[in-house]
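1. requesting a structural model of the entry that follows:
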Amino acid sequence: MANSQLCLLGLLILLCSTSLGSAKHMKYKDPTLPVDVRVHDLLKRMTLAEKIGQMTQIERKYASADVMKNYFIGSLLSGGGSVPRPQASAADWVNMINDFQKGCLATRLGIPMIYGIDAVHGNNNVYGATIFPHNIGLGATRDPVLVKRIGAATALEVRATGIPYAFAPCIAVCRDPRWGRCYESYSEDHRIVQAMTEIIPGLQGDVPANYNKSYPYVAGKNNVAACAKHFVGDGGTHNGINENNTLIDYRGLLRIHMAAYYDAVMKGVSTVMVSYSSWNGVRMHANRKLVTGFLKNELKFKGFVISDWQGIDRITTPPGANYTYSVQAGVNAGIDMIMVPQNYVEFINDLTLLVNKNVIPMSRIDDAVRRILRVKFIMGLFENPLADLSLADQLGKKEHRELAREAVRKSLVLLKNGKSKNKPMLPLSKNTPKILVAGSHADNLGYQCGGWTIEWLGASGNITIGTTILDAIKATVNPTTNVVYSENPDASFIKGNKFSYAIVVVGEPPYSETSGDSSNLTIPDPGPSTIQTVCGAVKCVVVIISGRPVVIQPYIASIDALVAAWLPGTEGQGVVDVLFGDYGFTGKLPRTWFKSADQLPMNVGDKHYDPLFPFGFGLTTNPTNTS
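-> Below is the predicted model:
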């Protein structure tokens, strides 16, 4: 009996020591070890199916915990407008993400997925989030420190919903405002775009002094992995057509369009997204020379490269015409994670077949997975895979709204102030009997925010929580001042009232990507007629809400004061702060303002440069207590 007990005890000790030894040798689970040691250990344990799963990113609508587990999916995303439910709370987001994550954690190796979202001007898919000005407005501020603060606030609001990865910033250099994504670009000048890459340490945290430059970096749970996009030349397409061909020599590509990628990589950007566009006829999603040769080898970028939405499909014309070839071309070009986002089974099957046939080498798969795992380890996903509600109070936080309001104030560009220099119209008086407020954009929060807000294309009306310009005017003027709002008044209405002055707010409706491409860049009706009617009858200031310069020359003579407000976001009070002189105008044009669309493309330094307002133009005013 004693011998049998001793044998049993010995067996238990052996089993325990074997178990401890096994756990001890699972280096990837040891947070005290260097990241690349953990990556190497995990990679050698993975099957081909597990590796290809890591390379697959799918849209949340097509996911479930079982899908995540059975296909070893490495990443999920929310496309524009893809939410758990309308007006979803932070808890709704966190619970949804954790449900998916639990499927990943139930796999053999327990590799957590990374969830990404287009937080391009705040956490803009999420109801109640602070919506900051779009990048073109931030470019007008010329203030990289402000942009870094916006990055840090955005990171907190993204993390508030349990999301650790933002598809931002766009570091395109928009060379033609006819491009529907021009508002996602900070400027036509690459030097301003380079300066604004300060948003990356805002999102991710400051890279420590002794850190390996070009390595991805995420400071902690208050920060998110960033994504520099769209590599490369997306802002230089022929005639400003979205996803078109960028015709420029190699030196020009490096000087103008590649410049900000040097800065992004040096600041530890975690991921880079490839552009839909082509360079001299070669689709960027299939451009091994630039994706692998330049970004990975020359710039020494060590994060992962991600495709755009169905980006590999568009390698062929029409898209998806030869999907197996697209998978081959995209992965061999150096794309590490594929935003599928729907047909993940087809992608996984095709990639598996291509590897088994040695069309795509295993070394390419290992490079991709190594980079993806590196980012996941660096950002602490293995130690903290599940989201929580500890940052829920950051969503739409008062301090973030105040920061957005500051950004709006600094983004405004004053283009005209009075019909003569000696008689400025601005700042406006708060103490006046009656004011007319007119225009389609004066009381429309959705128009004020633009595209990529709640919905992919944006929308009209009270789409989220914020302050319209009309709301802000009413809150700013003397309580005895009568503020009359008429969206499109006729001349008799104006003449029948004794208005001291009028504020006309007009511009572009929301749009995103190709839907925003415009050959004429005119303000839609009734904007022009509203300007002409109102400004022909009463002293007026016109505020343009737009993602780029638009045709304004035909109306400028009748306008007393003209303000470019870009797409200011939810904090319309920032516009009114400056109109009424609580703060001065300081913004400078980040883009050349053309006379006619026939002049385009036209950028500062061009031989035929003949603008209505040149790049860098912007009148200034001093803050004053108006009376």
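
2. the strands in the stretch 1-150 of the chain, which residues?
-> 56-59, 75-78, 114-117 (DSSP state E, counting those that start in this stretch).

3. want to throw those into CSV with mean pLDDT and distance to Val147?
-> All C-beta atoms are positioned from the backbone trio N, CA, C, and that covers glycine. Below are those laid out as CSV (pLDDT from 0 to 100; distance: least, Cβ to Cβ, whole Å):
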stretch, mean pLDDT, distance to Val147
strand 56-59, 98, 27
strand 75-78, 98, 24
strand 114-117, 98, 19
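
4. kindly reformat those strands as TSV containing mean neighbour count.
-> Formatted as TSV, the strands of the stretch 1-150 of the chain follow (neighbours: other Cβ atoms under 10 Å):
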stretch	mean neighbour count
strand 56-59	23
strand 75-78	26
strand 114-117	26
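
5. so which of those is nearest Lys397?
-> Proximity to Lys397 (Cβ to Cβ) singles out strand 114-117 among the strands of the stretch 1-150 of the chain, at 18.1 Å.

6. which elements pack onto that closest one?
-> strand 75-78, strand 165-166, helix 362-378 (3 or more Cβ pairs under 8 Å, 6 or more residues apart in numbering; DSSP states H and E).

7. for the helix or strand just after the last one, which positions count as buried?
-> This points to helix 362-378. On the C-terminal side of helix 362-378, the closest following helix or strand by DSSP states H and E is helix 398-411. Under the neighbour-count criterion of 16 or more other Cβ atoms under 10 Å, helix 398-411 has 400-401, 403-411 buried.

8. cool, and stretch 290-309?
-> 290-292, 294-296, 299, 301-309.

9. what's in contact with it?
-> The contact list for stretch 290-309 (Cβ atoms under 8 Å, 6 or more residues apart in numbering) reads 57, 79, 212, 214-216, 227, 229-232, 258, 261-262, 265, 269-276, 279, 284-285, 330, 333-339, 341, 368, 371-372, 374-375.

10. quick one: which of those residues sit in strands?
-> Using DSSP state E, the subset of these located in strands is 57, 227, 229-231, 271-274, 279, 338-339.

11. in those, find the pair that's most separated.
-> Gln57 and Trp279, at 24.1 Å, using Cβ to Cβ across the ones in strands among the contacts of stretch 290-309.

12. least confident secondary structure element in the chain?
-> helix 2-24 (a mean of 45; mean pLDDT, DSSP states H and E).

13. now do the same contact list for the residue nearest the centre of the chain.
-> Centroid-nearest residue in the chain: Val120, 2.1 Å away (criterion: Cα atoms, centre = their mean). The contact partners of Val120, by Cβ under 8 Å, 6+ apart, come to 134-135, 167-170, 184, 452.

14. so what's Gly233 up against?
-> 246, 248, 253, 257, 275, 277, 279, 284 are the contacts of Gly233 under Cβ under 8 Å, 6+ apart.

15. got phi/psi on it?
-> phi 90, psi 10 (degrees, to the nearest 10).

16. that one and Val120: what is the separation?
-> 19 Å (Cβ to Cβ, to the nearest Å).

17. got it, and Trp593?
-> Taking Cβ to Cβ, one finds Trp593 at 24 Å from Val120.

18. next one: Ser75
-> 18 Å.

19. could you do Asn212 as well?
-> Taken as Cβ to Cβ, the span from Asn212 to Val120 is 28 Å.

20. Val145 is in contact with Ala195, correct?
-> No. Taking Cβ atoms under 8 Å as the definition, Ala195 is not a contact partner of Val145, at 10.0 Å.

21. ok, Ala321 - contacts?
-> Contacts of Ala321 (Cβ under 8 Å, 6+ apart): none.

22. can you give me phi and psi for it?
-> phi -60, psi -30.

23. just Ser187 next, same as before
-> Torsion angles, degrees, to the nearest 10, at Ser187: phi -170, psi 160.

24. what number of residues lie near it?
-> By other Cβ atoms under 10 Å, the residues close to Ser187 number 29.

25. alright, calling it a day.
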